[in-house]
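*Asks:* Give me coordinates for this.
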Amino acid sequence: MKSAICKTTPLLLIEKTRADWPTLPSRADKEFDSLYTISGEALLTTFCAVSEKKISEEFIDFIETVRQKRNEAIHGASKISIGVKELLDHILNAYTWCFGKDAWFLETRNFNYENPLFGYYDWDIEYADAYRHLDFALDILGKKKLNKYLKTEILGRAYFCPVCKRTIDGDFGYLESKWAFIKPNKPESTNIHCINCDAEFNVIRKDCIGEKCKGNVIHDYEGEETCLTCFEYQENE
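*Replies:* Model prediction:
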């Protein structure tokens, strides 16, 4: 909200009357950090006044809730009523409202990429290892609530990503998480999208040959067909 206000002028963030603004030629400049900034209530009102986006009542109620919870945490440590699930939900909701769906995950993933030590062990493995952030959010929020913050529909059946699975299984361990989903989620669709690596793959819709697997999404990897439900190699009959 402050960045949106600053597009008009950062002076609107200062808790001073306009007569006291250091803008006239006779007044010396001041360090912005040395000035008092407006309160949370005034911040929301000012943001609504300058925002190019239409502000909904739902967003206003959300910000007010966050402000109250923040005050509890800062000023009343013995009365904190927010839990981990609600806190994470608020974070993802704020990211999504301000920057769009997927923004929270992309920001988290890019933060690791920008680390000077990224790739020191293995670039491909560290890239694929971002799935842990998705696993964490899913474990805390559940599939239905997390679905609100992702562009890809995740309420349907999940599948192994052929690239992430092979990368992790190759030298790092065993990938159990499935973050690839049919796009669009229809029985005849032959395209699958992995949220973790943001890649799309063509798939073949036919039954897996495994006795216990009921999957029907097969990926051809350099002439070898693999079921993305159980990740078993499909031997040619």
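
*Asks:* Flag the helix or strand of the protein with the lowest per-element mean pLDDT.
*Replies:* Every helix and strand of the chain was ranked by mean pLDDT, DSSP states H and E. The lowest is helix 123-128, at a mean of 78.

*Asks:* chain center to the helix or strand Phe201 falls within: distance?
*Replies:* Under the criterion of DSSP states H and E, Phe201 resides in strand 199-202. In this view, strand 199-202 has its centroid 20 Å away from the chain centroid, taken as CA atoms, centre = their mean, to the nearest Å.

*Asks:* Okay, and Val4 sits in which element?
*Replies:* That one is not Val; residue 4 is Ala. Secondary structure from DSSP H and E places Ala4 in helix 2-6.

*Asks:* Strands of the protein, start to end?
*Replies:* 158-159, 180-182, 191-194, 199-202, 204-205, 217-221, 224-227 (DSSP state E).

*Asks:* who does the fourth one touch, helix- and strand-wise?
*Replies:* Strand 199-202 is packed against helix 162-171, strand 191-194, strand 217-221, with contacts defined by 3 or more CB pairs under 8 Å, 6 or more residues apart in numbering; DSSP states H and E. Every residue, glycine included, has its C-beta placed from N, CA and C.

*Asks:* Try it again at 10 Å.
*Replies:* helix 162-171, strand 180-182, strand 191-194, strand 217-221 (3 or more CB pairs under 10 Å, 6 or more residues apart in numbering; DSSP states H and E).

*Asks:* Which among these is found nearest to Lys30?
*Replies:* Ranking those by proximity to Lys30 (CB to CB) places strand 191-194 first, at 50.6 Å.

*Asks:* Low-confidence bits of this structure, can you list those?
*Replies:* Residues of the chain meeting the criterion pLDDT under 70: 76-78, 119, 171, 236-237.

*Asks:* Could you pull out the helices in it for me?
*Replies:* In chain order, the chain shows helices spanning 2-6, 40-50, 57-75, 84-99, 103-113, 123-128, 131-141, 143-146, 162-171, with DSSP state H as the criterion.
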